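Q: need a structure here:
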Amino acid sequence: MQLKDFAIERYFAKYEFSAKYMLSSSDCDGFSMAEVLSLASEAEKKDWLNLKLGYTETRGSIPLRKAIQKHYQNIELDEILVTSPGEANFVLMNVLLSKGDEVVCMAPMYQSLYQIAKDIGCTLKLWGPRESDGVWTYSMADFEDLVSKNTQLVIVNFPHNPTGFSPNLEQYEMLIDVCRNNDVYVFSDEMYRFLDHRPGPCLPSMSDLYEKSISLWGTSKTFGLAGVRIGWLTSKDKAFLQKVENFKDYLSICSSAPSEILATIALNNLDYFLKRNLNKIQQNIALFSNFQNKYSHLFDFAPPSTSSTAFIKLHLNESAEDFAQKLVEETGIMILPSEAFEYGNTHARIGFGRESFPEVLAVLEGFLKENNY
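A: Sure thing, here's the model as predicted:
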């Protein structure tokens, strides 16, 4: 299989480690190793100090899977498979899909969630959004029109990257009903799980609610621990997970032993990471709302209900990519243009998870004034 280049990751490769300011990152600032280890229980400290750097269990260590299990309602230990998030996407598509299969997926979308299916030779049907004054919505009626008995897989991402959209519980259950009535598998990307700015409980994992769903979560977004490179799939479909495990033997085989312990500590202290990250995201969203009030002629923005990102519409006499290139070259500020999402040329992703956000806005404002935007 020949895979098309990953546009988002190629764009980040160009600027992420050279640009001075990251205004488009979907993750939060990384926590230090020392801070994570300071949260460890006595048993976890002992495991860390006595760790031998050999192979780990293909499915993930028992302590790690027990820590994962605590954050689900109906998932058992043998319904959890630890893997890196990118590997999970790749393996899942190859296990479930064949050339000619029909796949329904959201758009815009993180490229690995649809590109692998496309390059396998599947037929993609895109569930597109509706946009009004910076507010993004996805119609359940539109979704129902797309899904049929011919659909092999539905791919959703809540909270959604890049728009920040999430359905309410009633809409979520409607979506599941449509899939159940058509006997369709669902791949639910939940990497931004719990990053919810709305009052009330967060959406449950789809793997807790629907027997033919596979949910993905990990340490990168919710926890601010992207460097740990740990994610996991949860599903009531044990036969499917066994196929993923078998396929994984040809790839990573197992996870990093130190990363498994760090992920275990993080999962056993979810509230610590979540509170810090949510507070930062919400403060930066408020700052950006005030900024948009001053420059409403340049872009549309409405505070997202969930996630650490927003997708803003630009009102410029140049493409988003041209604007982004000028911005990073003159100021060191990186934004992610919509061309990287294969979604036209008039939008850009903004990320709210960095402490430097107020400083970046000040530099951005200087750029806009200097160039008479």
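Q: got the end-to-end distance for stretch 90-109?
A: Taking Cα to Cα, to the nearest Å as the measure, stretch 90-109 stretches 15 Å from start to finish.
Q: equivalent analysis for stretch 76-90, please.
A: Across its full length, stretch 76-90 reaches 24 Å end to end, with Cα to Cα as the criterion.
Q: repeat that for stretch 262-280.
A: So stretch 262-280: terminal residues 22 Å apart, Cα to Cα.
Q: and that stretch, what's buried?
A: Of the residues in stretch 262-280, those buried under the neighbour-count criterion (16 or more other Cβ atoms under 10 Å) are 262-270, 272-274, 276-278, 280. C-beta coordinates here come from the backbone N, C-alpha and C atoms, glycine included.
Q: mind jotting down where the helices sit in this structure?
A: All helices of the chain, identified by DSSP state H, fall at 7-15, 33-38, 42-49, 62-69, 85-96, 115-120, 140-146, 169-181, 238-248, 257-267, 270-294, 320-331, 357-370.
Q: now stretch 140-151 - C-alpha only, CSV.
A: C-alpha atoms of stretch 140-151 as CSV (Å, rounded to 0.1, in the frame of the first residue of the first chain):
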residue,chain,number,x,y,z
MET,A,140,-27.3,14.1,12.9
ALA,A,141,-29.8,14.2,10.0
ASP,A,142,-26.9,14.5,7.6
PHE,A,143,-25.2,11.6,9.3
GLU,A,144,-28.2,9.4,9.1
ASP,A,145,-28.4,10.1,5.3
LEU,A,146,-24.8,8.9,4.9
VAL,A,147,-24.9,5.6,6.8
SER,A,148,-26.4,2.5,5.3
LYS,A,149,-26.3,-1.3,5.4
ASN,A,150,-23.4,-1.0,2.9
THR,A,151,-21.3,1.0,5.3
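Q: just flag the most distant two among the buried residues of stretch 262-280.
A: Within the buried residues of stretch 262-280, two members stand farthest from each other by Cβ to Cβ: T264 and K280, at 23.9 Å.
Q: residues in contact with the residue nearest to A67 when sequence neighbours are not counted?
A: Once flanking residues are discounted, A67 sits nearest to L267: 3.8 Å by Cβ to Cβ, 6 or more residues apart in numbering. If you count contacts by Cβ atoms under 8 Å, 6 or more residues apart in numbering, L267 has them with L64, A67, I68, K70, H71.
Q: of those residues - the most surrounded one?
A: Counting neighbours by other Cβ atoms under 10 Å, L64 leads those with 26 neighbours.
Q: what's near enough to touch that residue?
A: Applying Cβ under 8 Å, 6+ apart, we find L64 in contact with V82, I230, E260, I261, A263, T264, L267.
Q: tell me, how many residues neighbour the second one?
A: Around I230 sit 28 other residues, with neighbours defined as other Cβ under 10 Å.
Q: now do M1, the pLDDT please.
A: Per-residue confidence (pLDDT) for M1: 80.
Q: that one: how many residues sit nearby?
A: The number of residues packed near M1 is 10, by other Cβ under 10 Å.
Q: swap in V95?
A: The number of residues packed around V95, counting by other Cβ under 10 Å, is 16.
Q: with W48 instead?
A: Residues lying near W48 (other Cβ under 10 Å) number 16.
Q: who's in contact with it?
A: Contact analysis of W48 by Cβ under 8 Å, 6+ apart lists L37, A40, P258, I261.
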